[in-house]
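In: Next input, structure requested:
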Amino acid sequence: MKILFASSEATPLIKTGGLADVAGSLPVALNHLDHDCRLILPGYPDVLKKANDLQHLAHVEIEQEPTPVNLLQGSCGPHNVPLYVVDAPHWFDRPGNPYLSPEGLNWPDNAERFTLFCRVVAAFVMNRMGLDWQPDVIHANDWQTGLIAPLLSGEEKRPATLFTIHNLAYQGLFDQATFMRLGLPDHLWSYTALEFHNQLSFIKGGIALSDRVNTVSPTYAEEIKTAEFGYGLEGLLIHRENHFSGVLNGIDYHEWDPQHDKHIAAAFSAESFRKKQQNKLALQREYGLPEDAHIQLFGYIGRLVDQKGVDLILQVLPGIMDSGSQLVMLGSGDKDLEHSLEKISNRYHSRVGVFIGYDEGLSHRIEAGCDCFLMPSRFEPCGLNQMFSLRYGTVPIVRRTGGLADTVVDVDPTSLANGTATGFVFDNTDGSSLWGAVEHAINFYRRSSTDWEILARTGMQQDFSWEASAQHYLELYQTAIDEPGL
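Out: Numbering: from 1, shown residues only. Sure, this is the predicted structure:
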């Protein structure tokens with residue numbers, strides 16, 4: 001099968017979140033299964049700099065664009081996934097975050113930027129460039145690619161379309177004047193297409209007009225069909241439920257492998273679990289905390305925003321410190337949360353370590369060195385860090401939502417008895433509920449080092465590699481080809 005994977009980011013070229021991890025890993029898994037999956041990305045500076053062997057492939061004339069756009073060809077990452085890059089410097093030659101200005105605001109022309117990207121992808125798959133490769137299916141992801149299916153919807157002999165929702169909270173909403181300015185076909189301004197309460201919605205276009213739609217965990221697929229999580233699109237998702245499903249993301253077991261991780265102090269496995277302590281001591285040293293293998297060490301990696309429940313972590317911090325435990329954090333986001341955490345770290349420097357920003361190597365060392373990982377998200381479409389944590393024997397503490405509910409088995413008498421427990425799960429989005437799970441973890445850790453090791457090693461033996469998820473995606477692709485959903 002020939003698959004074109006359209007994304008606005010992909011590791012190791014450019015990353016702001018989990019979408020990049022999926023775009024960097026799923027095509028690799030599909031190619032390992034002997035399919036031909038190729039990636040197409042906007043030509044941000046980091047992409048042009050980090051891609052392998054980029055060469056000019058074609059010029060393409062695009063509506064509303066005064067000059068032809070260059071399409072480049074190369075490969076991505078250590079697995080050399082075939083890569084196409086939309087080289088349009090006026091739209092994409094901007095440093096830093098692909099969506100935000102240096103001031104942290106959305107670029108005012110994001111609608112124009114990603115409309116261009118979608119138009120180039122549509123021209124590519126309809127062979128308007130005269131190339132010798134056309135896909136059987138186009139796999140689009142999140143709002144930045146939401147116009148691909150609408151642009152293809154009136155075409156004969158188009159490829160099948162799959163649209164994946166990675167986070168419904170980000171929808172690509174713009175006013176009607178923007179729709180008019182983009183020069184999109186008039187018929188797309190309809191409640192059955194792009195119009196959403198008199199606004200232009202990129203993500204609605206992908207949901208409404210793709211052959212198949214999915215999101216990144218079975219539980220999140222159910223959650224976003226409700227008013228609480230659906231952001232007004234729950235009715236459309238229910239309408240399309242026969243063409244809508246949830247496929248749990250995987251993680252890259254080559255990149256995230258405690259036995260061969262170049263970022264960590266000591267390699268270890270479930271069979272050599274005691275070596276994990278060396279990573280704890282190294283992490284404590286890196287954060288300037290007292291080095292003691294017996295101190296329970298909690299970790300957090302992620303955006304510092306309300307969605308991730310960072311305010312709940314602040315509420316339970318006094319209890320964590322009173323217990324004698326330590327906490328290390330890595331992330332950036334809300335400036336008030338950043339400043340609060342920095343102040344706490346400065347005041348309680350023997351208990352709390354904070355790194356504002358992002359460091360890929362440090363994220364590996366946190367997963368390898370901590371005993372527990374905090375993930376109290378208000379919602380979490382899939383989540384990857386809980387899977388990284390399980391892989392590294394770092395017991396996750398999570399809220400029962402989205403992919404967290406699908407990947408972590410709560411410690412309770414039944415799961416302990418049958419050997420399926422992998423973490424601590426709580427239900428309500430408040431500090432007392434999180435503290436209940438944290439306190440349970442503290443007491444369990446103190447009760448028996450043997451029981452704790454069994455719990456951590458059970459997590460390490462779970463399989464959340466991409467191979468199983470890739471098979472589910474192949475089934476979706478084939479269904480989209482055989483039974484177009486429109």
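In: any low-confidence regions in the stretch 351-486 of the chain?
Out: Within the stretch 351-486 of the chain, the segments meeting pLDDT under 70 span 486.
In: for the stretch 151-300 of the chain, that is, sorry about that
Out: In the stretch 151-300 of the chain, no residues with pLDDT under 70.
In: which residues of it fall in helices?
Out: Listed in chain order, the helices of the stretch 151-300 of the chain (DSSP state H, counting those that start in this stretch) span 176-182, 202-209, 218-223, 227-230, 234-239, 276-286.
In: Now the second one - C-alpha only, PDB.
Out: Pointing back at helix 202-209 there. The C-alpha trace of helix 202-209 is given here as PDB (Å, rounded to 0.1, in the frame of the first residue of the first chain):
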ATOM      1  CA  PHE A 202     -10.300  23.500   9.700                       C
ATOM      2  CA  ILE A 203     -10.700  20.500  11.900                       C
ATOM      3  CA  LYS A 204     -14.400  20.200  11.100                       C
ATOM      4  CA  GLY A 205     -13.500  19.900   7.400                       C
ATOM      5  CA  GLY A 206     -11.300  16.900   8.200                       C
ATOM      6  CA  ILE A 207     -13.900  15.200  10.300                       C
ATOM      7  CA  ALA A 208     -16.900  15.900   8.000                       C
ATOM      8  CA  LEU A 209     -15.300  15.100   4.600                       C
END
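In: That helix - contacts with which helices or strands?
Out: Contact here means 3 or more CB pairs under 8 Å, 6 or more residues apart in numbering; DSSP states H and E; on that basis helix 202-209 packs against helix 148-152, strand 160-165, helix 234-239. The C-beta positions use only the backbone N, C-alpha and C, and glycine is treated the same way.
In: Direction-wise, compare the second one with helix 202-209 and give the angle.
Out: Angular relation of strand 160-165 and helix 202-209 on a 0 to 180 degree scale: 140 degrees, by axes from the mean of the first three to the mean of the last three CA atoms, to 10 degrees.
In: Report the buried residues of stretch 283-298.
Out: Leu283, Gln284, Glu286, Tyr287, Leu289, Ile295, Gln296, Leu297, Phe298 (16 or more other CB atoms under 10 Å).
In: Can you name the residues that contact Ala10?
Out: Ala20, Ala23, Gly24, Leu39, Leu41, Cys76 (CB atoms under 8 Å, 6 or more residues apart in numbering).
In: That one and Leu39: what is the separation?
Out: 6 Å (CB to CB, to the nearest Å).
In: got any residues that touch both of those two?
Out: In contact with both Ala10 and Leu39: Ala23, Cys76, using CB under 8 Å, 6+ apart.
In: How many neighbouring residues does Arg447 have?
Out: 10 (other CB atoms under 10 Å).
In: ditto for the one 4 residues further on
Out: By the criterion of other CB under 10 Å, Asp451 has 14 neighbours.
In: ok, it to Val425 distance?
Out: From Asp451 to Val425 the distance is 17 Å (CB to CB).
In: surely Ala267 meets Pro258?
Out: Yes: with contact defined as CB atoms under 8 Å, Ala267 counts as touching Pro258 (6.5 Å).
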